[in-house]
Every structure is written in structure tokens, then in C-alpha cells.
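**Q** Fold the following.
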Amino acid sequence: MTAANGLRAGGTRRPPSVVERMTLILDVFPGRTSWLTLAEVTRDSGLPRSTVFRILVQLVELDWIEHGAPGYRLGTRAHGLSTGTAVGAAG
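**A** Alright, predicted model coming up:
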């Protein structure tokens, strides 16, 4: 059984869920005015590089993150949340 704080019986921590990992990645971006590299997102999220890359690819496909030559930044869907503008699913 896992407690709400992420600890299993015996005090061991469970691996973070995909939602927790996605949140750690998205939390890197607010307040940043420049594009972030994969290395910066990896460092600031504290997650393995392969995990960050895999999740960023999916977040780009869903418009949560924008990817360009300089790196990554928040996408239209994330900005829509802050402005109250609905954004349709990428397809």
C-alpha cells in the first residue's frame, strides 16, 4: 500500500508516476523568457535525460510544449490555461 506522500510501507519511496514526471518537467518553464535546452530541462527537473526527452516529445505533440531550433518553451495549450483560452487537442 502506498501512502499519499509517496512512501510505501517500510519507508521506501515509489517511483514517480508519469503525471508526477510530466509536472516536474512543466514546472521548469514558468517564469522563463528564453528557450530551454534538453540539458537545462533535465537538470532543473531532476529526471533522467531519456525520461525528459520521451515526455517532451509527447508534450510537443499535444501542444503543451513548443520545440524549435533553440530548444523548448511553453506551448499554446499551456498558455491557454493561463489566459483561460480553450485549446483543442492536437491531432
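**Q** For the chain, which element, helix or strand, carries the lowest mean pLDDT?
**A** Every helix and strand in the chain was compared by mean pLDDT, DSSP states H and E; the lowest is helix 76-83, with a mean of 82.
**Q** Check the offset of that one from the chain's centre.
**A** Its chain's average C-alpha position is 14 Å from that of helix 76-83, according to Cα atoms, centre = their mean, to the nearest Å.
**Q** can you give me how far stretch 41-48 is from the chain middle?
**A** Its chain's C-alpha centre and that of stretch 41-48 lie 10 Å apart, by Cα atoms, centre = their mean.
**Q** so what does the lengthiest helix in the chain touch, helix or strand wise?
**A** The longest helix of the chain (DSSP state H) is helix 49-61. Here helix 49-61 is seen to pack against helix 18-26, helix 38-45, strand 65-68 when contacts are counted using 3 or more Cβ pairs under 8 Å, 6 or more residues apart in numbering; DSSP states H and E. Quick note: C-beta positions are derived from backbone N, CA and C, even for glycine.
**Q** Take these and write them to CSV, including distance to residue 53 and mean neighbour count.
**A** Compiled in CSV, the helices and strands packed on helix 49-61 are given as follows (distance: least, Cβ to Cβ, whole Å; neighbours: other Cβ atoms under 10 Å):
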stretch, distance to residue 53, mean neighbour count
helix 18-26, 10, 15
helix 38-45, 6, 17
strand 65-68, 11, 17
